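S.K.: only geometry, no sequence info:
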């Protein structure tokens, strides 16, 4: 098939290489312009290495962007991790239209941080959707979905890099084949089941040690490796990454005060929350880099009794 790739970053690169590996013709690659002084986008770099045409428009609404896609005469457009808005006038240009990847089971978790939110909210399942892009955010008809479990100790990193990333690359190829062969079905999303969540950024990733240990652990998992769940210590930010949860089921048996370092081992330290403790294995002070728990404690001369959230 003759395709256009619209995307960015490592996922866009992987999708490009998957189509090239099986002999499809990539007529052109569209990716957003880099910020001034920024590194070249991995998709752009890969495309240039393969001798492909690369187009970088500030907006896909521009007449020039649409004329460029029209001139490529492609069978299908492949949107692989796209943050630019693509209007209907653009996505309808390819002979068989355009398909888009979204890392959630639409219509649930529409929006830009759709992997973080289900982990943070304690979901046990997520997945990916290949759908037809419309002018509504993640609202188009569904072509293909794949599910994956969220294990009790999964993190953003394991869910995405181990499963949703490789599954998504395979699903884009599978969906494109279905569309071009006319074997696909387009299922309208059930708006009664729809949910939208915004960006999962600094405000959303702050730890409240007064919450139950389950809530805190889910938050840490949802932010690992980015943006990093955080708390404060003496007015400065501390991010917590690798951790474990320890529930205490006997009322009144939790050690220490809420937010207190209530135990230290050779490889970790424990912070008390409601209903249990978080065992921290890796952390980062705003003035330093990610460190193992013992290195972190040593770097700040911390010991049992120190209080986070201060």
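M.R.: Arrived safely, thanks for sending. Because the structure is predicted, anything quoted here is derived from the model rather than measured. Numbering: from 1, shown residues only.

S.K.: what does the model give residue 158 for pLDDT?
M.R.: Looking at residue 158, its pLDDT stands at 98.

S.K.: and it, helix, strand or coil?
M.R.: helix (DSSP: H, G, I helix; E, B strand; the rest coil).

S.K.: now do the same contact list for it.
M.R.: Neighbour list for residue 158: residue 151 [criterion: Cβ atoms under 8 Å, 6 or more residues apart in numbering]. For glycine as for every other residue, the C-beta is placed from the backbone atoms N, C-alpha and C.

S.K.: any idea how far residue 289 is from it?
M.R.: Using Cβ to Cβ, to the nearest Å, residue 158 is found at 22 Å from residue 289.

S.K.: before we move on, what about residue 138?
M.R.: When residue 138 is compared with residue 289 (using Cβ to Cβ), they lie 35 Å apart.

S.K.: the stretch 51-200 of the chain: strands as residue ranges?
M.R.: In the stretch 51-200 of the chain, strands defined by DSSP state E, counting those that start in this stretch lie at 54-55, 76-80, 98-102, 125-131, 142-149, listed in chain order.

S.K.: show me which positions of the second one end up buried.
M.R.: Using 16 or more other Cβ atoms under 10 Å as the test for burial, strand 76-80 gives 76, 77, 78, 79, 80.

S.K.: ok, now how distant is the closest residue to the fourth one other than its chain neighbours from residue 173?
M.R.: Distances taken as Cβ to Cβ, 6 or more residues apart in numbering put residue 100 closest to residue 79, at 3.9 Å, once the chain neighbours are dropped. Distance from residue 100 to residue 173, counting by Cβ to Cβ: 14 Å.

S.K.: okay, these two: which has more neighbours?
M.R.: The neighbour comparison of residue 100 against residue 173 (other Cβ atoms under 10 Å) goes to residue 100, with 25 against 18.

S.K.: in the sheet, who's paired with that one?
M.R.: residue 79, residue 131 (DSSP bridges).

S.K.: relative to residue 264, how far out is it?
M.R.: Residue 100 is 48 Å from residue 264, by Cβ to Cβ.

S.K.: also residue 128?
M.R.: According to Cβ to Cβ, residue 128 stands 41 Å off from residue 264.

S.K.: again, but for residue 65
M.R.: Remark: distance between residue 65 and residue 264 (Cβ to Cβ) = 57 Å.

S.K.: give me the mean pLDDT for stretch 273-290.
M.R.: The pLDDT scores in stretch 273-290 average 96.

S.K.: what do you get for stretch 62-77?
M.R.: Rounded mean pLDDT across stretch 62-77 is 98.

S.K.: just checking the distance from it to the centre of its chain.
M.R.: Put simply, stretch 62-77 sits 28 Å off its chain's centre (Cα atoms, centre = their mean, to the nearest Å).
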